[in-house]
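**Student:** coords please:
(2 chains)
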Amino acid sequence: MKDKKQDKNYRKWWFLLGVIVLYLAVWLFSSEIIIKSLQFFLMIIKRIIPVFILVFVLMVLINYFIKPKRIVNYFGKKAGIKGWIISITAGLLSTGPMYMWYPLLNQMQKKGVKNRFITAFLYNRAIKLPLLPLLIFYFGWAYTIILTMVMIIASVFQGIIVEKILEV
Amino acid sequence: MKKATLEQTAFKAAKSLYSMFPIILGIILLISLVNVIIPKTFYSSVFKGNILTDSFIGSFIGSISAGSPATSYIIGGELLKQGISLIAVTAFLVAWVTVGLVQFPAESMLLGKKFAVIRNIIAFIFSMIVAVITVLILGVL
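**Tutor:** Sure, this is the predicted structure:
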């Protein structure tokens, strides 16, 4: 498991190295393209650094005060509207890559947690509270609020549909 | 379980951001290069403003991609500035996290093949529906 994680970390750096090699290759044909690209790159970096500082602060605060794993354990015990609220909230607050959550969700599934709640949890992982400043920065407040609301409602429908199909 | 200190939590958050660093940097470098090389007219020829095709292409690209949502926000935001329709970008953002072709083997192994197949197909369809509804509401407001 650790080796797999390390392998994935290496792959990220290989990706960056690959892009740098691509830049060097393009440089051989046209230095003008690379200069213009780097200017554009710096412009984006300058714009998003303050947003990432805010993202960092939110990540610290959310991780410090809220424990999504504890909430996930709780949604196994609740059904009905409470079950929906807890699975949606846990999805919104969960952090880290998706594959990290599969073993825990697998245990929940074995304990009899409804697939509708697992589906809603997975769907709401698309909205990450600490990353909202970045979404607002690019798309604005109105878009962020509407998308979040639509996704929360969609997760309920998705949960119901997936469960109904699984029952067939 | 012992409660983590604020320093430990900050360290964990910094580590998490650091792990995103090479991908985000690489993606921004790629976007910058593409921005210079590919003319903006290319995007308007692919994304013609058709609700169905735009959302389908957006969802498809989002489905075969994976990574932190932060990366998808940056790609989506920059693509929007290139003139790609908001519907395509929204479908892309939603499918990026909700449809996991890359994670499919793990999901299938741990949560069941049938569950994984159905969940991903429905999530793909929903990414298009969510995109259309979001943009329509935004247009009304």
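**Student:** so what does the longest helix anywhere in chain A touch, helix or strand wise?
**Tutor:** When every helix of chain A is counted residue by residue (DSSP state H), the longest turns out to be helix A:31-65. Where contact means 3 or more Cβ pairs under 8 Å, 6 or more residues apart in numbering or on different chains; DSSP states H and E, helix A:31-65 is packed against helix A:2-29, helix A:132-139, helix B:6-37, helix B:69-81. (C-beta placed from N, C-alpha, C; glycine too.)
**Student:** Run a quick neighbour tally on A:Gln107.
**Tutor:** Using other Cβ atoms under 10 Å in any protein chain shown, A:Gln107 has 14 neighbouring residues.
**Student:** And for the one 4 residues further on?
**Tutor:** Burial of A:Lys111 is recorded as 10 neighbouring residues (other Cβ under 10 Å).
**Student:** now do A:Glu163
**Tutor:** 18.
**Student:** By proximity to chain A, which residue of chain B wins?
**Tutor:** Residue of chain B nearest chain A, by Cβ to the nearest Cβ: B:Gly77 (2.9 Å).
**Student:** correct me, but that residue touches A:Phe139?
**Tutor:** Yes - the pair B:Gly77 / A:Phe139 is scored as a contact, 6.7 Å apart, by Cβ atoms under 8 Å.
**Student:** which neighbours do the two share?
**Tutor:** When Cβ atoms under 8 Å, 6 or more residues apart in numbering or on different chains defines a contact, no residue borders B:Gly77 and A:Phe139 alike.
**Student:** picking that back up, would JSON lines of the helices and strands packed on helix A:31-65 with mean pLDDT and distance to A:Ile152 be doable?
**Tutor:** Putting the helices and strands packed on helix A:31-65 into JSON lines (pLDDT from 0 to 100; distance: least, Cβ to Cβ, whole Å) gives the following:
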{"stretch": "helix A:2-29", "mean pLDDT": "82", "distance to A:Ile152": "30"}
{"stretch": "helix A:132-139", "mean pLDDT": "91", "distance to A:Ile152": "14"}
{"stretch": "helix B:6-37", "mean pLDDT": "84", "distance to A:Ile152": "24"}
{"stretch": "helix B:69-81", "mean pLDDT": "86", "distance to A:Ile152": "15"}
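**Student:** To B:Val140, which of the ones you listed lies closest?
**Tutor:** Closest to B:Val140 of the helices and strands packed on helix A:31-65, according to Cβ to Cβ: helix A:132-139, at 16.7 Å.
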